[in-house]
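J.: dropping the sequence and predicted coords here.
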Amino acid sequence: MSNRARRFSRVAFGVLCTLCVMLTVSAAQQWNKSQGWGEYPQSSVDAARFLEYSTWGPTSESIVHLQQVGYSRFLDEQFEAPISSYQDFPIVPNTRPDDCTGVCQRDNYTVYPLQTRFYTNALYGSDQLRQRVAFALHQLIVVSAVDIPIPGRLAPYLKILDNRAFGNFRDLLYDITLNPAMGNYLDMAGNRAATAANPAGPNENYAREVLQLFSIGLTQLNQDGTPVGGQSVPTYDQETVNAFARVFTGWNFAANPAPGTTNYFVPMVATQSQHDVRAKTLLQGVTLPANQTAAKDLSDGLDNIFNHPSVGPFIGKQLIQHLVTSNPSSAYVQRVAAVFANNGRGVRGDLRAVVRAILLDDDAYAYAAPPDFSKGHLKHPILLVTNLLRALNVKSADGQGLSDGYLNPQNQAMGMVLFAPPSVFSYFSPSTGIPGGLRGPEFGTLNTSTAISRANFVNTMVFSRIAVNANFAPTGTSLDFSSLQPLASNPEQLVLTLNTLMMSGRMSTATFDSIVAAVRAVASTNSLKRVQTAVYLIATSAQYQVSR
């Protein structure tokens with residue numbers, strides 16, 4: 001570990017962990033203090049800040065483009081951009097053949113190809129907002145490679161999230177419920193009614209998690225996200241779980257596409273003889289009549305969940321947390337929940353309208369002086385990787401092409417294995433707290449070891465590169481500082497430019513002055529080292545590692 005990383009682990013980790021970065025920072029002089037997004041960004045700082053929420057990280061080009069087209073047109077472009085998504089995979093046996101080793105094993109029996117595709121999409125794809133929302137949905141509606149490690153099995157689940165990111169939440173629930181990877185992960189595949197041969201009855205896993213984690217949560221919510229009655233009133237009880245478990249019976253994998261190969265490529269299909277046909281009492285006293293088909297019970301059951309009043313505030317709040325701030329105000333949640341309930345055209349569950357409402361809300365823009373330390377969120381490891389690399393013109397290791405996206409080892413060292421959250425509760429809990437009674441979900445990934453890994457990642461990318469590796473990294477990854485080197489002769493201008501590009505103008509005056517001084521200490525003849533010094537000091541700072 002470098003001396004820089006050691007210094008960071010002793011000093012900056014104290015800021016990150018003990019003070020929890022206070023979830024925001026003092027503002028730089030260039031921050032625009034007017035209220036509301038308006039039609040167009042009033043400065044490059046405003047543009048960069050909006051891009052922090054709506055992409056995998058601002059770039060110089062995207063800042064200029066947003067200033068030219070304005071917020072609304074930019075969102076329309078993002079909503080209509082072609083979907084990057086994931087490649088199709090060949091049909092492979094459930095058990096890896098003995099002769100499938102090396103590249104064959106890597107590409108067909110590990111999630112390596114999905115991880116590298118995710119990063120190349122995130123770094124270079126035009127559908128930045130769709131990718132951000134799809135990844136937020138993946139963190140809410142979890143299937144994990146811990147249990148589904150074959151990429152051809154996991155890819156259809158990821159494609160649902162991509163395809164439905166701007167669709168209707170009801171359609172998303174339906175597609176996810178019948179997705180074979182979800183069927184495997186939460187045991188809905190092969191779920192059967194109680195019979196003499198199956199006296200234990202249906203498995204409860206999917207029924208419990210679709211309620212607790214994917215839709216309404218444990219506690220009844222007001223539309224502003226606060227608990228009904230100011231206390232914890234349960235949204236459901238064990239009898240409700242039992243009833244939904246019976247709703248979700250009779251579904252299993254479609255016919256095998258090849259011998260020894262389970263069908264993860266098409267939605268699960270119903271076998272009526274295995275469906276529980278008794279009446280079922282669901283949420284809010286709604287009862288499904290006896291003798292309905294598996295398909296009818298499923299549709300009615302999902303309608304019952306979808307129309308529960310807690311869905312809007314429960315899902316809306318978590319999307320706000322993933323995109324904008326860990327501690328949204330109750331008014332912010334209520335405005336977003338209102339759009340979930342009605343997109344303005346009488347449609348409930350329109351995620352495109354919900355995302356637009358989240359990003360254009362005044363609370364997403366609002367700047368307070370003195371700073372409100374409850375606002376913002378720690379960049380989780382994957383967002384930290386993409387933000388840094390996109391800001392600095394990421395390329396292949398030799399600087400002549402594109403990165404290959406082999407970056408999962410970097411975020412894994414920082415406490416987050418892409419597509420392999422440790423449980424159905426995701427990579428970190430949305431309820432993770434930090435000192436002061438605030439929420440700080442991403443702090444669930446932060447400890448003494450991962451804080452050092454964050455500094456080491458920055459050190460590797462700024463002063464070195466991820467080298468070509470014949471087995472995993474065919475082109476490698478590096479940063480390109482050439483566009484910044486002409487600014488090195490003017491340290492103030494260099495740091496000011498990086499403040500906009502990397503920090504959306506929120507660098508404190510004290511930090512600005514310290515970094516300028518450090519850059520001045522580097523020989524003026526070494527323009528590359530000056531730029532690297534500035535970038536390293538910014539990227540390892542607590543102020544950078546918290547968005548907002």
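T.: Yep, it's here.
J.: which SSE is immediately downstream of the worst-scoring helix or strand of the chain on mean pLDDT?
T.: Of all helical and strand segments in the chain, the minimum by mean pLDDT, DSSP states H and E falls on helix 3-13, at a mean of 44. Remark: after helix 3-13, the chain's next helix or strand is helix 44-54, criterion DSSP states H and E.
J.: that next one packs against which elements?
T.: Applying 3 or more CB pairs under 8 Å, 6 or more residues apart in numbering; DSSP states H and E, we find helix 44-54 packed against helix 60-69, helix 71-80, helix 128-140, helix 351-360, helix 362-365, helix 491-503. (Glycine included, C-beta is placed from N, CA and C.)
J.: by mean pLDDT, show me the worst of the ones you listed.
T.: Of all the helices and strands packed on helix 44-54, helix 362-365 carries the lowest average pLDDT, namely a mean of 91.
J.: distance from that one to the middle of the chain?
T.: 20 Å (CA atoms, centre = their mean, to the nearest Å).
J.: one step back: for Ser429, which of the helices and strands packed on helix 44-54 is the nearest?
T.: Between Ser429 and these, the tightest spacing by CB to CB is seen for helix 128-140, at 10.4 Å.
J.: where along the stretch 301-450 of the chain do the strands fall?
T.: 377-378, 433-434, 438-439 (DSSP state E, counting those that start in this stretch).
J.: now, of these, which is deepest in the fold?
T.: strand 377-378 (a mean of 26; mean count of other CB atoms under 10 Å).
J.: adjacent strands (with direction) for it?
T.: In the sheet containing strand 377-378, the strands it pairs with under DSSP bridges are strand 546-547 (antiparallel).
J.: which elements pack onto the strand or helix carrying Thr116?
T.: Applying DSSP H and E as the criterion places Thr116 in helix 112-124. In terms of contacts (3+ CB pairs under 8 Å, 6+ apart), helix 112-124 is packed against helix 103-109, helix 128-140, helix 151-164, helix 381-391, helix 408-413.
J.: domains in this structure, by residue range?
T.: Per automatic domain parsing, the domain ranges recorded for the chain read 3-31+378-547, 170-306, 311-365.
J.: can I get those in CSV with distance to Val69?
T.: Shown next, in CSV, are the domains of the chain (distance: least, CB to CB, whole Å):
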stretch, distance to Val69
domain 3-31+378-547, 18
domain 170-306, 28
domain 311-365, 14
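J.: how deep is Val64 tucked in, by neighbour count?
T.: Using other CB atoms under 10 Å as the criterion, Val64 is surrounded by 12 other residues.
J.: which residues touch it?
T.: Val64 sits next to 44, 47 when contact means CB atoms under 8 Å, 6 or more residues apart in numbering.
J.: picking up where we left off before, can you tell me which of the domains of the chain the model trusts least?
T.: Across the domains of the chain, domain 3-31+378-547 gives the lowest mean pLDDT, at a mean of 88.
J.: chain center to that domain: distance?
T.: With CA atoms, centre = their mean as the basis, domain 3-31+378-547 stands 18 Å off its chain's centre.
J.: over to stretch 323-338?
T.: Using CA atoms, centre = their mean, the offset of stretch 323-338 from its chain centre is 17 Å.
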